[in-house]
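>>> heads up, no residue letters with this:
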Ligand SMILES: O=C(O)CCC(=O)C(=O)O
């Protein structure tokens with residue numbers, strides 16, 4: 001009763017109280033109450049991101065970065081100047097496209113895995129919420145059934161080639177530098193986008209949006225097929241991840257999908273980026289900024305994605321744990337960096 005009154009009179013104050021109470025519960029029980037997660041989103045929409053920035057500062061104090069002895073790997077040997085350059089561009093523009101690509105044999109094996117492994121067809125916007133994802137034996141390029149096909153997080157993390165990427169020291173180093181704290185690798189996903197539909201689909205993330213599942217995070221998108229302008233390149237608005245980077249007129253629409261027209265009215269043309277790039281390309285991006293997958297007009301696109309966060313406070317993801325660690329480097333990394341893999345080892 002009192003809560004309802006305070007929340008209508010002082011929404012920002014109420015969200016702050018609910019967030020603090022939720023953070024205490026999270027620290028005690030490791031779970032974020034739904035109301036506190038909603039408050040994280042509400043405060044982002046109201047403050048433009050300064051609420052996330054303050055919380056991130058606290059997390060960095062509690063979990064300062066690991067001292068890394070080695071930072072070499074799939075992205076090359078990332079010495080201090082290289083990490084400085086990457087972090088500076090991420091801070092300013094919100095994205096970084098690495099010159100180093102995934103080795104072609106690794107991309108080829110991951111592509112084969114995604115072509116032969118079971119996956120689910122994600123229900124599209126026009127089918128109502130009662131329809132659930134359809135499990136199929138494998139993604140069949142000759143017989144499309146939807147726009148987005150997801151391979152389950154469990155199957156993704158149990159793949160030995162994915163485990164090699166998860167164990168990569170250079171990717172981890174870039175993530176840690178950007179997050180300014182010990183990172184947690186908390187979301188692993190792999191999905192196809194297809195040319196099934198002529199109109200963009202919200203459920204397949206083909207409308208502009210920002211993410212807000214965590215306090216701070218960074219995603220690595222790895223293309224496993226060549227991506228040209230017709231294959232649904234990942235798209236981003238440069239600099240929109242910065243505090244206040246999304247104008248309030250868009251933020252105040254809440255946590256929702258936005259049309260091209262709404263977004264084009266707010267940013268100059270030169271800020272709109274489409275990442276057309278060959279297979280193996282790795283893009284780091286702070287998806288607090290506005291982004292989407294462009295509609296696929298021909299062919300398809302396969303992505304492997306890693307998300308590193310500064311804390312697991314926030315949205316709920318079904319838990320998954322490694323069934324078996326098959327990559328020897330990953331075993332060593334899990335021992336060395338327990339917080340990094342806590343989401344998959346608990
Ligand atoms: O498929 C894409 O390019 C968009 C992905 C996306 O929205 C996300 O990972 O948050």
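Yep, that arrived. Everything quoted here is computed from the prediction, not taken from an experiment.
>>> so where do the strands sit in the stretch 151-300 of the chain?
With DSSP state E, counting those that start in this stretch as the criterion, the stretch 151-300 of the chain has strands at 184-194, 217-223, 234-237, 272-275, 282-285, 291-293, 300-309.
>>> could I get those strands as JSON lines with distance to residue 341, mean neighbour count and mean pLDDT?
Yep, even glycine has a C-beta here, placed from its N, CA and C like the rest. Shown next, in JSON lines, are the strands of the stretch 151-300 of the chain (distance: least, CB to CB, whole Å; neighbours: other CB atoms under 10 Å; pLDDT from 0 to 100):
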{"stretch": "strand 184-194", "distance to residue 341": "6", "mean neighbour count": "23", "mean pLDDT": "98"}
{"stretch": "strand 217-223", "distance to residue 341": "16", "mean neighbour count": "24", "mean pLDDT": "98"}
{"stretch": "strand 234-237", "distance to residue 341": "26", "mean neighbour count": "24", "mean pLDDT": "98"}
{"stretch": "strand 272-275", "distance to residue 341": "28", "mean neighbour count": "16", "mean pLDDT": "98"}
{"stretch": "strand 282-285", "distance to residue 341": "19", "mean neighbour count": "23", "mean pLDDT": "98"}
{"stretch": "strand 291-293", "distance to residue 341": "26", "mean neighbour count": "23", "mean pLDDT": "98"}
{"stretch": "strand 300-309", "distance to residue 341": "11", "mean neighbour count": "23", "mean pLDDT": "98"}
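>>> tell me where the longest helix sits in the protein.
The helix of greatest length in the chain, counted in residues with DSSP state H as the criterion, is given as helix 11-29.
>>> report the rounded mean pLDDT for that one.
The predicted model assigns helix 11-29 a mean pLDDT of 92.
>>> what packs against the helix or strand that it is followed by?
Elements were assigned by DSSP states H and E; along the chain past helix 11-29, the next helix or strand is helix 34-47. If you count contacts as 3 or more CB pairs under 8 Å, 6 or more residues apart in numbering; DSSP states H and E, helix 34-47 packs onto helix 11-29, helix 50-62, helix 248-251.
>>> as JSON lines, the ones you listed with distance to the ligand and mean neighbour count would be great.
As requested, these are exported to JSON lines (distance: least, CB to the nearest ligand atom, whole Å; neighbours: other CB atoms under 10 Å):
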{"stretch": "helix 11-29", "distance to the ligand": "23", "mean neighbour count": "16"}
{"stretch": "helix 50-62", "distance to the ligand": "16", "mean neighbour count": "16"}
{"stretch": "helix 248-251", "distance to the ligand": "16", "mean neighbour count": "15"}
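>>> who's in contact with whichever residue of the stretch 1-150 of the chain sits closest to the ligand?
With CB to the nearest ligand atom as the measure, residue 148 is the residue of the stretch 1-150 of the chain nearest to the ligand, at 8.0 Å. Contacts for residue 148 (CB atoms under 8 Å, 6 or more residues apart in numbering) come out as 121, 122, 191, 192, 193, 194, 201, 203, 204, 205.
>>> farthest-separated two in those residues?
Among these, the pair separated by the greatest distance (CB to CB) is 121 and 205, at 15.0 Å.
>>> quick check: phi and psi at residue 97.
In terms of degrees, to the nearest 10, the main-chain angles of residue 97 are phi -100, psi 120.
>>> surely residue 211 touches residue 218?
No: at 10.8 Å, residue 211 does not count as touching residue 218 under the criterion of CB atoms under 8 Å.
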